[in-house]
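[1] Sequence and predicted structure below; questions after.
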Amino acid sequence: PVHDDWVGESAPSGLKIWSEAYRSNMRRPLTLIRKVRQLVPAFIRANRVSAEHEEHPHDPMVRTRFNGRVSATRVTDAMIMDLDAVKGIRKAVDGSTVNDVIVAIVGGGLRRYLQDKKELPEYSLSCGAPISMRQDSNSDSRGNQVSQMTISLATDVEEPLERLAAVHASASESKEFSEALGTSVLMDVSEVMIPQLLGWGMRAASIAGAAAEAPVPNHVIVSNVPGPQFPLYLAGAQVHLIMGMGPLLHMMGMFHAALSASGKITINFVSTREMMPDPAFYRQCLQEAFDELRIAAKKSTGKGKQGGKKFAS
């Protein structure tokens, strides 16, 4: 028989855990000061980039039915598209991407939905788009490294291709801003913040009602996750569609997850029953926004025509 003489480490005592945590927290203020000093030149670069672009009409104080306290109820549905059709749409506007098309479809769907409710704001709504912050230089680091860009949904634009062009311009500007700010500075600062202080601050703001008066950073979330374009199988059955459900937060009661697989793209949305009592109608609004974009793109590019139109941004 094989004899195993391995002995695991003994569990640390409460005193040791407390002392290690205390020593680590004592270093946090110095680390935080050093990281904050790095923010100053980063913000200068980012503001310089922002000033070079024309500001898009956006009022962060505007709220929709999706920007309130969320309940425990959930509604979800999905709209399915052909990936080739989405790629065809992006060719109608020079430089646009599949992600731009998805955001433009969501913008068109929200425009239709809020118009029907007579709740469409004068200024464009915006979405938060999660992006990966991982770089080749820190590929060995563990865990997720995700930040978020703010992109205009162009809900104030009626013409579908002009809406797509506005989304593309906003996404490009947001990407330039993120690159100028730096992909790791904000994450480094967040890592040295003391979680207890953040938790106390958020609870105090909630009790005082400050969240209800604060600007809305984004009105909805749109997350695009490209998937494999080859057959997948689960327990011997072929996977035809992939759907995702994202988390809802107070003041952020609408989440869109776009996932692609096997030549299809699914836009799956999640909200609460109180905020969206008619999810089937919103799915129809998304479908109509997709259809109008596809028709406009076909008219714009024409049969056999190369390239797409250029729009002023």
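    Sure, I can see it.
[2] mind listing the helices for this structure?
    14-51, 83-90, 98-116, 160-181, 185-192, 195-208, 210-213, 279-301 (DSSP state H).
[3] For the fifth one, the averaged confidence score.
    Taken as a whole, helix 185-192 has a mean pLDDT of 59.
[4] Ok, the third one next?
    Per-residue pLDDT over helix 98-116 has a mean of 97.
[5] Direction-wise, compare that helix with helix 160-181 and give the angle.
    120 degrees (axes from the mean of the first three to the mean of the last three CA atoms, to 10 degrees).
[6] which strands and helices sit next to helix 98-116?
    helix 83-90, strand 126-132, helix 160-181, strand 220-225, strand 264-271, helix 279-301 (3 or more CB pairs under 8 Å, 6 or more residues apart in numbering; DSSP states H and E). Yep, even glycine has a C-beta here, placed from its N, CA and C like the rest.
[7] Give me the angle between it and helix 83-90.
    Going by the same axes, to 10 degrees, helix 98-116 makes 80 degrees with helix 83-90.
[8] returning to what we had before: just put the helices and strands packed on helix 98-116 in a markdown table and tack on mean neighbour count, mean pLDDT and distance to Glu119.
    Shown next, in a markdown table, are the helices and strands packed on helix 98-116 (neighbours: other CB atoms under 10 Å; pLDDT from 0 to 100; distance: least, CB to CB, whole Å):
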| stretch | mean neighbour count | mean pLDDT | distance to Glu119 |
| --- | --- | --- | --- |
| helix 83-90 | 18 | 95 | 27 |
| strand 126-132 | 20 | 84 | 16 |
| helix 160-181 | 22 | 86 | 19 |
| strand 220-225 | 21 | 94 | 14 |
| strand 264-271 | 23 | 96 | 14 |
| helix 279-301 | 18 | 96 | 13 |
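[9] Any chance of TSV for the ones you listed, columns distance to Ser19?
    What follows is these, written out as TSV (distance: least, CB to CB, whole Å):
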stretch	distance to Ser19
helix 83-90	56
strand 126-132	37
helix 160-181	37
strand 220-225	41
strand 264-271	44
helix 279-301	53
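[10] Of all those, which one comes closest to Ile102?
    strand 220-225 (5.4 Å; CB to CB).
[11] Neighbouring strands - and their directions - for that closest one?
    strand 126-132 (parallel), strand 255-261 (parallel) (DSSP bridges).
[12] I'd like to know how far Arg63 sits from Val103.
    20 Å (CB to CB, to the nearest Å).
[13] That's all I had, so thanks and see you.
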